[in-house]
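Visitor: My questions are about this predicted structure, shown below with the sequence.
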Amino acid sequence: MRSGRRRLWTLVTGVILLSAAVSCTDRDAPPEPAPSSPRPLPTVYEGEAPPGLADTPLRYLHDPQEPAQEILDDPRGVRIHAVGDAFLISSNSEERHLLQEAADGRVLWRGESRVERFTQDRTGADVFEVSTREGDRVTRSVVDAAGRTVWTSSDPRESYLNGLVVRAPADWSASEPYGEFVIREPAEGGVEWSYEFTAPEDPARGDAQEDGDKDAEDEEAAAHLGVPVGARDEVVLLDDGAGLLQARDLADDGALLWRVSGDSVEAPDGRTLSTPRPHLVGFYTLPAAEKEEDAPTGAEESAEPDETAEPRWTVLVRWSSPEESSLLSLHDLRDGTTLWTLGEPGSNPLGDSFGATPVPGTVWDGATGTLLVPQADAATTVIAVDLAAGERLWSFDSVAERSVSPRFALAGYVYGDSRADDDGSQVVFEATTKDVVADDLTGYVEAVTDNGHALVVQDRQRFVFAPETPPKPTAAPSLSPTERG
C-alpha cells in the first residue's frame, strides 16, 4: 500500500509541475478542445449472462443499423415493455412507439398514440390498448403482439375486455351499475349476447341459511346477472356487486355455467368471510390430468400424464372483506369446481367496484407452476403459491425481503428490484424457494418476453439474449406477469 501511495503522489506532483511549466511558457495558448464525440457505445457484453439466459447476446439495440434508432436516441430516454414475444419501445419525450420482434428486431408496428394499458385476449395472449384524441373525440384501439389492430372504437360506452367488446348502459357508473349490456366479438358477424342487469329486490345478504335456501337465494341472485369483469375462451365472468361471481357461456347465448358466492368459500380451517367481494387474480392453465392405467388385480397402480388431455383452464379469485384476512380460491373455468382455497396473511382491500383489471403485481412462473401474489399487509409483502397444489411455498417477511419488488419470471427464476441500498439493485432468486442465486449482475434485465428473450442493459447499451433453454410449446398461454392489467 505504501509504495502504491508513493507512486500516486509522484504522479500528482508531476502533473502539478507540468501544469506550472506550461503556464509560464505560454499563458495565451488556447485550452485543449473537448473531445469531438462521446465514448462510443459498447457492442460486446462483459461478464456472465444473467441466470436463465444464453451465454452470449443475439444482438444489441443501440446501433445505426437498428430500425428503432429515432426512438432509442431520445434525449429523455425510452421505456420498454414485453408484449408476447416482442418488445414495445416507447419514447419518454413524446408519443412515439415501436413494436419489434425480440429475436431478430423486425418492426411489427409503429404508432404515435398514447398507450393506455396492457391486457390479454381470450386466449391469454398479450395485447395493448392505445388512444388518440381529436377535440372531444377519443378513439381507442387494441394492438396484438404481432402488430395487428384487432379492435377500434370511438364509442365511449364500449370497452375491450379480454378479447371481447362490452357495451355498457348509457351513463353507467359503479354506483348505478344496472341496465342493458351487450357483449360481442370484435370481428364483424361474431357472436353477440345482450342481457339486462337488474337490481335485486333485497340486495342485502342475510345470515347463514340452510343449504337449500342458500342455493335458491344464489340462483335467484344469478338471474339478475351482473357486470362483465373477465373473459377467457367462451366463458364470461359477471360480478353482481353483492358477492356473487358467475360464469356464462358466450357460445350458448349466455347460459349459466356456474356460480359461487364469497360466503360459501371456506378456508382450509373452515373459516368464512363476512360480506366478501371477489377480485380476479388471473386465468391460468394447470397440467393435463393424470390417467390410471389398467393393471392386473393386486398389481401396483401406476399413473402417468395423459398426453391426449388438454390442459385445464382455471380462474383464481381473491375474496376480500373489510378488516379480515382475504382468501384465494381456484376454480375450474368450465364447471366452477373449487380446486382449492388458501388464506392470505392479511386484509387486501378490494379497490374499485366491478374492477375488470386483475390484481396488479402478480408474477407467474410457468416453468415451476409458481405464482407470486402481492400483499397489502405491512408485515408480509409477497406470498408464493404452488398453483396446482394450492400450497403456500414461502413469503417475504424480513426487512430485506420486503424491500424487493418482483417484476418477472424466467425459467424458474424471479427477477426483482431491491431498494435495500440507496442506488437500488436487481436480485434473482428461485421461484419455488426464494433462495438468492444472484445479486451482483453485470447487467440489468429490463424486460422478458413470453418465449424467454430478455433485454439486458449494460453500460448504456441494450443487449438481447435468447433463453438458455427454449421454452416448451404449450397448448394455451397463461397470464404473464406484472405490469399487465
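Guide: Ah, there it is.
Visitor: In contact with Leu164, which residues?
Guide: Residues near Leu164 by CB atoms under 8 Å, 6 or more residues apart in numbering: 122, 183-186, 228, 231, 236, 250. Every C-beta, even on glycine, is put in place using the N, C-alpha and C of the backbone.
Visitor: at 10 Å instead, please
Guide: Neighbouring residues of Leu164 by CB atoms under 10 Å, 6 or more residues apart in numbering: 121-122, 151, 183-186, 190-193, 228, 230-231, 236, 250.
Visitor: out of the residues you listed, which are inside strands?
Guide: Among these, the members found in strands (DSSP state E) are 151, 183-184, 192-193, 228, 230-231, 236.
Visitor: Identify, from those residues, the entry nearest to Arg462.
Guide: Trp151 (31.0 Å; CB to CB).
Visitor: can you count the residues close to that closest one?
Guide: Around Trp151 there are 21 other residues, counting by other CB atoms under 10 Å.
Visitor: next one: Gly262
Guide: By the criterion of other CB under 10 Å, Gly262 has 25 neighbours.
Visitor: Give me the pLDDT for it.
Guide: We have a pLDDT of 88 for Gly262.
Visitor: what's the distance between it and Ser321?
Guide: With distances taken as CB to CB, to the nearest Å, Gly262 is found 8 Å from Ser321.
Visitor: do the same with Val166
Guide: Distance, Val166 to Ser321, using CB to CB: 27 Å.
Visitor: Spell out, range by range, the strands that occur in the stretch 251-400 of the chain.
Guide: Applying DSSP state E, counting those that start in this stretch to the stretch 251-400 of the chain gives strands spanning 255-261, 277-286, 290-292, 303-305, 312-321, 324-332, 338-343, 363-365, 370-374, 382-386, 391-395.
Visitor: closest one to Pro471 among these?
Guide: Among these, strand 363-365 comes nearest to Pro471, with 11.3 Å by CB to CB.
Visitor: helices or strands next to that closest one in the packing?
Guide: In terms of contacts (3 or more CB pairs under 10 Å, 6 or more residues apart in numbering; DSSP states H and E), strand 363-365 is packed against strand 277-286, strand 370-374, strand 382-386, strand 404-410, strand 413-418.
Visitor: Direction included, what does it pair up with?
Guide: Here strand 363-365 is paired, per DSSP bridges, with strand 370-374 (antiparallel).
Visitor: if we can go back for a sec, same list, the helices and strands packed on strand 363-365, but as JSON lines with mean neighbour count and mean pLDDT please.
Guide: Shown next, in JSON lines, are the helices and strands packed on strand 363-365 (neighbours: other CB atoms under 10 Å; pLDDT from 0 to 100):
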{"stretch": "strand 277-286", "mean neighbour count": "22", "mean pLDDT": "95"}
{"stretch": "strand 370-374", "mean neighbour count": "24", "mean pLDDT": "98"}
{"stretch": "strand 382-386", "mean neighbour count": "22", "mean pLDDT": "98"}
{"stretch": "strand 404-410", "mean neighbour count": "22", "mean pLDDT": "96"}
{"stretch": "strand 413-418", "mean neighbour count": "21", "mean pLDDT": "96"}
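Visitor: Of all those, which one comes closest to Leu99?
Guide: Taking the helices and strands packed on strand 363-365 one by one with CB to CB, strand 404-410 is closest: 18.2 Å.
Visitor: picking that back up, please enumerate the shared neighbours of Gly262 and Ser321.
Guide: Counting by CB under 10 Å, 6+ apart, the shared contacts of Gly262 and Ser321 are 243, 272-277, 327.
Visitor: What residues of stretch 128-148 count as buried?
Guide: 128-130, 140-147 (16 or more other CB atoms under 10 Å).
Visitor: And the furthest pair within those?
Guide: Greatest spacing in the buried residues of stretch 128-148, by CB to CB: Arg140 and Ala146 (19.1 Å).
Visitor: ok, back up a step: to Thr449, which of the helices and strands packed on strand 363-365 lies closest?
Guide: Thr449 sits nearest to strand 404-410 of all these, at 9.7 Å, using CB to CB.
Visitor: In its sheet, which strands sit next to the closest one, and in what direction?
Guide: strand 413-418 (antiparallel).
Visitor: Look up how far Pro268 lies from Ala379.
Guide: Distance from Ala379 to Pro268, counting by CB to CB: 21 Å.
Visitor: low-confidence ranges in the stretch 101-250 of the chain?
Guide: 202-218, 221 (pLDDT under 70).
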